[in-house]
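Chemist: Got a predicted structure plus its sequence, pasted below:
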Amino acid sequence: MTAEFVANLADRVGRLEVDVGHISRKVSTIEERISHIPTRADLWKTVAVAAGAVIGAMWFALQFFAKPYLDSLASQLIR
């Protein structure tokens, strides 16, 4: 009975080693995926750059495209 118990125990240990190997591969896959996720600071930097680009484009449009229209509108209102 002792030899049978040892053989059974060895079989269980072998299955556990295989399971641990599968789990370690899954954990390494998850760690790799997580390492590519941007942090909150990265997301806020992206939002700040996008907001700056939008504000800059609007300023440019107002300065160079809408200014002549606004000047002509103002001159019509002053008359």
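Modeler: It's in.

Chemist: Sort out which residues of stretch 30-46 are buried, please.
Modeler: By 16 or more other CB atoms under 10 Å, stretch 30-46 has no buried positions at all. C-beta coordinates here come from the backbone N, C-alpha and C atoms, glycine included.

Chemist: In this structure, where is pLDDT below threshold?
Modeler: For the chain, the stretches with pLDDT under 70 are 1, 79.

Chemist: can you give me the helices for it?
Modeler: 2-35, 40-61, 67-78 (DSSP state H).

Chemist: Remind me what the longest one packs against, helices and strands.
Modeler: Judged by 3 or more CB pairs under 8 Å, 6 or more residues apart in numbering; DSSP states H and E, helix 2-35 is in contact with no other helix or strand.

Chemist: roughly how far out does it sit from the chain middle?
Modeler: 32 Å (CA atoms, centre = their mean, to the nearest Å).

Chemist: Equivalent analysis for the second one, please.
Modeler: Helix 40-61 has its C-alpha centroid displaced from the chain centroid by 17 Å (CA atoms, centre = their mean).

Chemist: what's that helix in contact with?
Modeler: With CB atoms under 8 Å, 6 or more residues apart in numbering as the test, helix 40-61 has contacts from residue 38.

Chemist: swap the cut-off to 10 Å and go again
Modeler: Helix 40-61 is contacted from outside by 37, 38, 39, 66, 67, using CB atoms under 10 Å, 6 or more residues apart in numbering.

Chemist: nearest to residue 27, of those?
Modeler: Nearest to residue 27 among these: residue 37, at 15.8 Å, using CB to CB.

Chemist: Contacts only, for the closest one.
Modeler: By CB under 10 Å, 6+ apart, the contact list for residue 37 reads residue 43.

Chemist: how close does it get to residue 62?
Modeler: Going from residue 37 to residue 62 by CB to CB, to the nearest Å gives 38 Å.

Chemist: again, but for residue 34
Modeler: Separation of residue 34 from residue 62 (CB to CB): 43 Å.

Chemist: now swap in residue 33 and tell me
Modeler: Distance, residue 33 to residue 62, using CB to CB: 44 Å.
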